[in-house]
Structure formats: structure tokens, C-alpha cells
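Engineer: no sequence on hand, only this structure:
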């Protein structure tokens, strides 16, 4: 998953770092690590100097500085111009950007009590800070004055786009409200920010507490020696001697369910996952969810929208709830049929292997793999020896990027990181110039949020003289000491996915940070990342990285063929769990302002039933109670974006397939027309310029095996 500016304050405040400063003498040393731009390469955060206690005072000072800058702009006696109003705002908030981008990265990937407290304390203040900018009447009057004269200003296309984005953002943030409604909006935003921070912290704790502890190796039957060793080490780390611990990942289904042969253990693990945040304890998130949904519906009404989904979708490629629901609805019938067909084959496999029970969700993964093995003679355990993490990164992810775009990578060991497992690479463009920096933080920790994401420590902007510093985060199992980091095919796909976001950030080529790189709509931002997944199994790329970690021998072609033939198996389940999550998101955010506070479990059951996404034995990928994307990560009424952008990425890959595949010429075209454009143009015209027509659902259905291949 992509995490964009998790402490973003809207267009007026989400800006990039200033120009690189010269090293300061000792006499000039700033009081804190954020007071001046970092002197490290490309202004990378000085994590060797940053203490956990530095963030809170830095936030306070940074907000004070930006408010002073904004007041100067708003009270300028000169007539409003694009330069003295829009560009001036774009340059404001340098210190706030430094602290917020660093803090967002660390609190998501390596949090602790101090950072959690900072997040709790600062979230409502940051929301109020954003409102102080977006609801400033003098500032908006200047923005509106410039916007009203836009046709006479002779601005270049990117500057005109920036002006439009600023104006729409101000209006969308409540600039036209009455004073009384502005006051209520400020209160709602502060409450929502506090509740989102509380939800995230409770969920991290609930996920940690939900790990399955067992007393014997027998209960972990089906695990290999390395997996049992990892479970033992995990228990020791929690001071549970003699036990074995299976940590939870953020999704409903757990990877271990495809291996564990003890059905009772599988059921316990599934239930731990399903009920992680619904135990009636201090980590129960349901009351917070109900409060957030109610507040968001009220906010939408204040701003003139029937519900929060309509409010959120105003600037998306699919810009109405009806358009989203129509898109999801087109996928449901074929998905339901394929999931039912899969379930029938799985139930037959249960009977064939001596099972005398009806298929349940905790049985699906194990027996689905058995069907896959029988039908396609493919065992997932056969694949892992060919997927060693470092080899996948350097000879797979980096190799594909080099072949498509000509970029190269060099690991840096002199740039400080926030945790020892993090690696840093300098990225060079095709002409040898420095393109940016890329951080990689792949291993699971108890203090790391679940899932995978990308964001920036430094955002690109020609105006500010900054180049991109991006990071990828995931939650792969760390190997036992001395063991290789062997990962699954799903993990490989995740690496390519997140680096697709990374490429979108690294190739940013904008004058203004507000329009730069991944600062695009939710239902467009996943397009480059999901497109990049296609290269994971592309023949020229796969043979370059998929080699046996012991022998160095490439993956046999027979095994490659098995992977390809088995690709559409399980797509009914895979898409079913995602569509269910999409509808949970939409149904929560289509609640009207007069709807009562919801009983979370009853609402969830009703929402899935009414949208026909309660597919038998295919549970939603996220229950409401642990749906981090929509309650704290900015994907409210936006989770559908993953599937919308699958449509875009399959369309784009279809174009590549018909134009020679993996070539530098094709890569350059994609870079020039998509990856380097940010939000300098509206998304429909941008996509049509590349694809030649509007997006269509055909390649997506074909790729998933939900429709016959076209001639």
C-alpha cells in the first residue's frame, strides 16, 4: 500500500524542503535537528541526530513559523498576484515539512511510547493548524482574486493547474463557510485527527496482542524448521520461554494458514486475526470507528455534500459514489461465480484428502494450495529457494527499472537510518546524474504498522531545488540469524509494487511540490505501482533474479510454466475479499448525516449482504475494526482505488505487450507521459494520451481469468 504525507495539511501546507544549506559551524549549530535543512545528501533526514523527544518541540516551532509566513502573505498590502500569493504559500512551511515527513516515516515503521504520545498530542494541533490556513478569510480572498483573473494571467500550464488545485482545496476545506460553520468544522477536524491517531495506536497494540501463542511444535505441524525457529525466536522476544508465537499481519487471512495442518490451530489463528480489535478491552476499536463515521458524515453535510464519500471523491478520476459503485458492481457477478467454482474444487479436495468437514475460511488457503498443486503441480514451498530478498531487490526490482528507464543504484552505508535493518541506495538517472535516494525497510517488527507502503522523506520541486528521497516499507518475516531471507511470490510482488510507487516519486519532474510525484488522486496513485508488478514474472526479468540461493541455478522453465498456468487460480477469492473491503469502505462513508451512531458488527454484516459481497467463506480482506486504510491512512471512500487502478495498469501493460514489451523506448514513453507528470494535468486526459482511449475493464477481467481472452 502507498502512504502519502500522513500528516498532510492540505495544499497550503503540504510543501517540500528548502534548498540544501551549507554545513554550519559549531558556533552556528541550530538548537534542533529540524531547524535548518539537513546537510546530508539530498537533505536526507539526520536520523543520527534526531531523538524521539525532538519531534514534539519541532512540530510546535514549525507550526508557529508557518503561521507567521501565512500571516505575512494574507496581510500583504500589495495586490494579489500568482507570485506573492500562490508561490509564496508554496514556499512556506519548510521546517514543518522536515519534521512531518521524518516523523510520519518513523512513527509508521518504528514507533514507541514517546512517538505515540507525540502523535496523540500533535494530531489535533496539526489539524487545527491546517484549518488556520485553509479557513483564513484574508488568505482565501487573495487566492480567489488570483483565481478569478486566471484567464488573463498567461500562466504556463503547470502554474495554472497549481492555481486551480489551490482554489479548489480552499473551497473544499471550508473557505466559503460561515464563521459558525467554520468553528464547527475546526472542532470536527480536531476530533477526527485525535480519533484517527487513537485508532492507529490501538490497532498496533491489538495486532501485537493477537499473535497466536502455542505450547508445542506439534500444534505448528506443517511449518518447516525455519518457520518453527522463527516462531520460537518470536516467543523468546516476548519473554514467553518454551512457547511458539505466530504474529499477525494486517489482513484477515494469515500466511501461516496455507501451511498449518492442525485444523484447530488454523481456526485459532483465524479467530485471533478476525477478533483482534473486538475483544472489549482497551484495544477495541469499534467505538472509535462509529465516532469517526458520524463525524465525517457531519463534515460532509457542512460542506454541502450528501455524504463523506461524495465529499472525498470530488477530485478523483472516479468522482462520484455512483461511478464507484457501478465499477464494483460490474466485477461482483464474475467474482462470485469464480469464487464458488474454487470453493467447490476445494471442498472436493478436503474430501479427497480424508477431511470430514465443511469448508471454512481458515481452511481455504491450505486446501487451495493443495488444489493448485494437484491441478498445476505447483507447491509454494518449491518457489521460496528461488526468491532470496536481496537478489530479488538488486537483480529483479532494480534490473527491471534499469531495462525500462536506464537508472542504476549504489548502496550507501554512510547515510543514517532510523533502524538498523533499513538500507539506503543512491539512484542515478540514465545520464549518470543523481536522481534521488531510496530507503528500504522490509522486515516485520512489533512496533511497525501492518502492510506495505511508500512515501517521501523529501519531496521533489524545481522551485525549491529539492530532489526526491523516497522509502519503501514492508512486513516480511525476518530470517533467523545466519539464515537467508527467503520470501514468497506474494512478497516478491509487494517489492515490485512498492517500488512502482518509488519510481513515481523518483521520476517526479515538477516545478511545484504540491503537484509533484505521487501527489495525485487515490484512484490514480496505485496505477504506477500495480503496473510495476507485471515485471515480476516477465521472462527477461524473472530469469535474472529467480535463482536457487544454494546452487545459483536459475528457476527451471517447467516451474516457471507452472507459475504462469496457475496465475488465475484463486482469483475468485483474491478479488472477492478485496471487493468486500471496497464495499465496507463505501458503505461506511455513504452514511448520511442523520444516520444514528452504528453498531459496527451489525453494520458490517448488513453492508456486505446488501452489496452482494458476502461471498461464502471469502471473508473481507479487512474487517471494519482493523481497516487501517480507511480510518487512519487517508483511504476513506478510496479503497476501491486499488481495483480501479488495476484496470488502468492492466490497460497499460496491454499497451506494452502490443508494442514490444520491456524496452527502453516503451519505458521512456511511460516515464514521460505518466511517471514524471504528477498532477500537472487532469487524470483522464493524461491516461488517454498514453493509452489512446478511455480505460476499459476488459484486460483486467482477462488478466484475472474472469473473462475469456479476446482474439
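Structural biologist: Cool, got the structure. Everything numeric here is computed off the predicted structure, so don't read it as measured data.

Engineer: the helix or strand of the chain with the lowest mean pLDDT: which residues count as buried?
Structural biologist: Every helix and strand of the chain was ranked by mean pLDDT, DSSP states H and E. The lowest is helix 380-383, at a mean of 86. Counting neighbours by 16 or more other Cβ atoms under 10 Å, one finds that the buried residues in helix 380-383 are 380, 383. Where C-beta positions appear, they are placed from N, C-alpha and C, glycine not excepted.

Engineer: start the count at 11, not 1, going forward
Structural biologist: Done: numbering now begins at 11, and the last item shifts to helix 390-393.

Engineer: so which elements touch that helix?
Structural biologist: helix 567-575 (3 or more Cβ pairs under 8 Å, 6 or more residues apart in numbering; DSSP states H and E).

Engineer: ok now the helix it packs on, how far from the chain's centre?
Structural biologist: Distance, stretch centre to chain centre, for helix 567-575: 30 Å (Cα atoms, centre = their mean, to the nearest Å).

Engineer: likewise for stretch 347-357?
Structural biologist: How far stretch 347-357 lies from its chain's middle: 30 Å, per Cα atoms, centre = their mean.

Engineer: looking at it now, give me its mean pLDDT.
Structural biologist: Computed over stretch 347-357, the mean pLDDT rounds to 96.

Engineer: what comes into contact with it?
Structural biologist: Contact partners of stretch 347-357, identified using Cβ atoms under 8 Å, 6 or more residues apart in numbering, comprise 368-369, 373-374, 377-378, 381, 385, 579-583, 585-586, 625-628, 715-716.

Engineer: so which of those residues sit within helices?
Structural biologist: Using DSSP state H, the subset of those located in helices is 373-374, 377-378, 381, 385, 581-583, 585-586.

Engineer: dump these to CSV, plus neighbour count.
Structural biologist: What follows is the ones in helices among the contacts of stretch 347-357, written out as CSV (neighbours: other Cβ atoms under 10 Å):
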residue, neighbour count
373, 22
374, 25
377, 21
378, 21
381, 19
385, 14
581, 19
582, 24
583, 24
585, 27
586, 27
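
Engineer: ok, so of those, who is nearest residue 44?
Structural biologist: Comparing these against residue 44 with Cβ to Cβ places residue 585 closest, at 43.8 Å.

Engineer: report pLDDT for that closest one.
Structural biologist: In this model, residue 585 is scored at 96, pLDDT.

Engineer: repeat for residue 435
Structural biologist: Predicted confidence (pLDDT) for residue 435: 98.

Engineer: over to residue 575?
Structural biologist: So residue 575 comes in at 88 (pLDDT).

Engineer: and residue 183, how many neighbours?
Structural biologist: The number of residues packed around residue 183, counting by other Cβ atoms under 10 Å, is 23.

Engineer: surely it meets residue 144?
Structural biologist: Yes: Residue 183 is within contact range of residue 144, at 3.6 Å (criterion: Cβ atoms under 8 Å).

Engineer: contacting residues around the nearest residue to residue 609 once chain neighbours are set aside?
Structural biologist: Nearest non-adjacent residue to residue 609, counting by Cβ to Cβ, 6 or more residues apart in numbering: residue 300, 7.8 Å away. Counting by Cβ under 8 Å, 6+ apart, residue 300 touches 607-610.
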